[in-house]
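Asks: just coords:
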């Protein structure tokens, strides 16, 4: 039996994420996941369609997400993106969500939903 | 008259939790003289409480101590702020202290944060959690340093952790850094080959010394009228004959 695809909107509902920007992009499929706060590491190791979990809110996260065709970004621990980050993300069509949970909890829940870092 | 002055712009004292206990003002100045350096930048993590003591310790020497600090931004990027005067760096220190998280340093884990006088006598301990990051963003910090008349230099850009490229993937376009620092671990040409984007910026070499024997391990020689922030700024911008002559991590001069 073919597994249903997970969309960004599915995890927003399930994990009670707050949408910071990219409301029209939530139909995007999530193909996998990656977590890191070192952007050089993210550039080296993410795959297209990953959901990226981080606490960095600097505008560079948008450029990295765009470059690597990341599906969307989740900021953890109630961190908020900088104003400039939101502006850039709107322009570059990168959805950004925030969660009150720390990374470990959030990633555990994403994993339970069938999103894996290994593919 | 322009003259060649050799600088190590990034040195820690025993105030930094990771700084060796022997990194006290008198010993630092003695070592600086032995290494024939003209300019020294004292840059402790998120604090400047040993600056004046080091300036006092150097008063009989032909050494200029720049009043600096190595600030950890919200992105966990290390930035060096350099000023002429202690009061200027203490102004920045006030901002930094207001943006450090509450919490007390745990000496057993991070190391002691010792405040000393020019005779290397202990006068107190800084209890703050200096090892950690402030909530000041990179952009805010660079603007703040410039507003206060200082130079903002990105520390050890070749290092993955706490270096701007490692933390943020690349150097943001809108950041007005005065220079980038290359650590003693890498030659200038290796750094340029590995991170081509850095060629847009003036490059300086500095030791980031945490131990006495590391002072002067990497240096930058400037052609300046006087050992001041304004003159160094001109040199970084290649203005009015002021310039960077050579860094000690140039391949041809590698020690």
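Replies: Now that the structure is in, tell me what you want to look at. Here the structure is a predicted model, which is why all the values come from computation and not from measurement.

Asks: what about stretch A:89-98, start to end distance?
Replies: Using CA to CA, to the nearest Å, the span of stretch A:89-98 from its first residue to its last is 14 Å.

Asks: distance from it to the middle of the chain?
Replies: Centroid separation between stretch A:89-98 and its chain, computed with CA atoms, centre = their mean, to the nearest Å, is 9 Å.

Asks: tell me how far the lowest-mean-pLDDT helix or strand in chain A lies from the chain's centre.
Replies: Least confident helix or strand of chain A, by mean pLDDT, DSSP states H and E, is helix A:39-45 with a mean of 92. The chain centre lies 14 Å from the centre of helix A:39-45; the measure is CA atoms, centre = their mean.

Asks: tell me the helices and strands packed up against that helix.
Replies: When contacts are defined as 3 or more CB pairs under 8 Å, 6 or more residues apart in numbering or on different chains; DSSP states H and E, helix A:39-45 packs onto helix A:60-67, helix B:164-168. To be clear about C-beta, it is placed using only N, CA and C from the backbone, and glycine gets the same treatment.

Asks: per-residue confidence for residue B:160?
Replies: The score at residue B:160 is 87. That number is its pLDDT.

Asks: doesn't residue B:183 make contact with it?
Replies: No: the criterion here is CB atoms under 8 Å, and residue B:160 misses it with residue B:183 at 11.3 Å.

Asks: need the helices and strands packed on helix A:39-45 in TSV with mean neighbour count, mean pLDDT and distance to residue A:78, can you?
Replies: Output for the helices and strands packed on helix A:39-45, formatted as TSV (neighbours: other CB atoms under 10 Å in any protein chain shown; pLDDT from 0 to 100; distance: least, CB to CB, whole Å):
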stretch	mean neighbour count	mean pLDDT	distance to residue A:78
helix A:60-67	22	94	16
helix B:164-168	24	96	21
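
Asks: for residue B:232, helix, strand, or coil?
Replies: Judged by DSSP: H, G, I helix; E, B strand; the rest coil, the three-state class of residue B:232 is helix.

Asks: give the burial count for it, as a bare number.
Replies: 30 (other CB atoms under 10 Å in any protein chain shown).

Asks: quick one: closest of the helices and strands packed on helix A:39-45 to residue A:79.
Replies: helix A:60-67 (10.9 Å; CB to CB).

Asks: check the secondary structure at residue B:53 for me.
Replies: Going by three-state DSSP: residue B:53 is helix.

Asks: and chain A, which residues reach chain B?
Replies: A:37-40, A:42-43, A:56-60, A:63-64, A:82, A:84 (CB under 8 Å from any CB of the partner chain).

Asks: mind listing what's buried in stretch B:114-129?
Replies: B:114, B:115, B:116, B:117, B:118, B:120, B:126, B:128, B:129 (16 or more other CB atoms under 10 Å in any protein chain shown).
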